[in-house]
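**Student:** Provided below are the primary sequence and the corresponding predicted coordinates.
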Amino acid sequence: MMFYKNKLDERGLNSDYLTTFHLMKDYLTSKHINRLVLYDILEDILVMALDNQQRNLKPKEVFGDYQQFCDEISRNAVKETTIEKVGLYGGLLCIFITLLFLIGIFNNHGEIRFTADELIRYILTFIGIPMTIFIINRLSFRLEFGRYAIMIPLYALLICIMPPMLSPYLPHSIIIPIVFIGICILLTPILLYLYFHTQHKNYFSYKEAA
């Protein structure tokens, strides 16, 4: 969600520094730092990496323990506020429900109907993908290269196993009223505006105080 800032230019980094930078970026992304502040932090780390690479220093010599270095940055960084989280995750939830409407749009009885298995798979996809990315990022320094090989098959296994396990406890057919979907469509821009407005407000407050 950093599309409103210029892309970080990593082209000058050699393979060691590039790998280290990506691990730090992934890990810090999981620390709930204000996204605009995070971009500035990553920009500073990139400048440090480029400067010390020219001095022929290894990444370990510059940053020491990578996770400890990032944890220290995170402790002092501006975090996402509750309002930002409500705006972002509430907005994404409304988008998800709207997508369910589009999936079931061919139903012409004034309601959107799904089987329990279908709805569970959609919910697991909505929750599971960001959660898997979060866990992969948080494990950056513990499982540097094996995290994708572990988490992606686990997520695929979850998608296969959970619907048959949970569906007996739910009604066979689940209806989402169109009125509810209409409310979600109306709430989506409001919640996302709340997220971006609060994010920028907190960021500029941080810049003024710096």
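**Tutor:** That came through, no problem. Numbering: from 1, shown residues only.
**Student:** and this protein, what are its domains?
**Tutor:** Following automatic domain parsing, one finds the domains of the chain at 15-76, 90-209.
**Student:** Residue 82: which of those is closest?
**Tutor:** domain 90-209 (9.5 Å; CB to CB). Just so you know, the C-beta spots here come from the backbone N, C-alpha and C atoms, and that holds for glycine as well.
**Student:** pLDDT wise, what is the nearest residue to residue 48 once chain neighbours are set aside at?
**Tutor:** What sits nearest to residue 48 in space, not counting adjacent residues and going by CB to CB, 6 or more residues apart in numbering, is residue 62, at 6.5 Å. Residue 62 is assigned 94 on the pLDDT scale.
**Student:** ok, now residue 110?
**Tutor:** On the pLDDT scale, residue 110 gets 53.
**Student:** cool, and residue 131?
**Tutor:** 82.
**Student:** Relative to residue 138, how far out is it?
**Tutor:** Remark: distance between residue 131 and residue 138 (CB to CB, to the nearest Å) = 10 Å.
**Student:** How is the nearest residue to residue 27 once chain neighbours are set aside assigned, secondary-structure-wise?
**Tutor:** With CB to CB, 6+ apart as the criterion, residue 27 has its nearest non-adjacent residue at 4.1 Å, and that residue is residue 140. At residue 140, secondary structure determined by DSSP: H, G, I helix; E, B strand; the rest coil is coil.
**Student:** Which helix or strand contains the residue sitting nearest the centre point of the chain?
**Tutor:** The geometric centre of the chain, computed from its C-alpha atoms, lies nearest to residue 130 (CA atoms, centre = their mean), at 5.4 Å. Using DSSP states H and E, residue 130 maps to helix 116-138.
**Student:** swap in residue 179?
**Tutor:** helix 178-209.
**Student:** could you give the angle of the strand or helix carrying residue 176 to helix 116-138?
**Tutor:** Element membership for residue 176, per DSSP H and E: strand 173-177. Relative orientation of strand 173-177 and helix 116-138, computed by axes from the mean of the first three to the mean of the last three CA atoms, to 10 degrees: 70 degrees.
**Student:** List the neighbouring strands of strand 173-177 plus their orientation.
**Tutor:** strand 111-115 (antiparallel) (DSSP bridges).
**Student:** and the partner strand, which residues are buried?
**Tutor:** Residues of strand 111-115 classed as buried: 112, 114 (neighbour count, 16 or more other CB atoms under 10 Å).
**Student:** Repeat that for stretch 188-202.
**Tutor:** 188, 191, 192, 194, 195, 196, 198, 199, 202.
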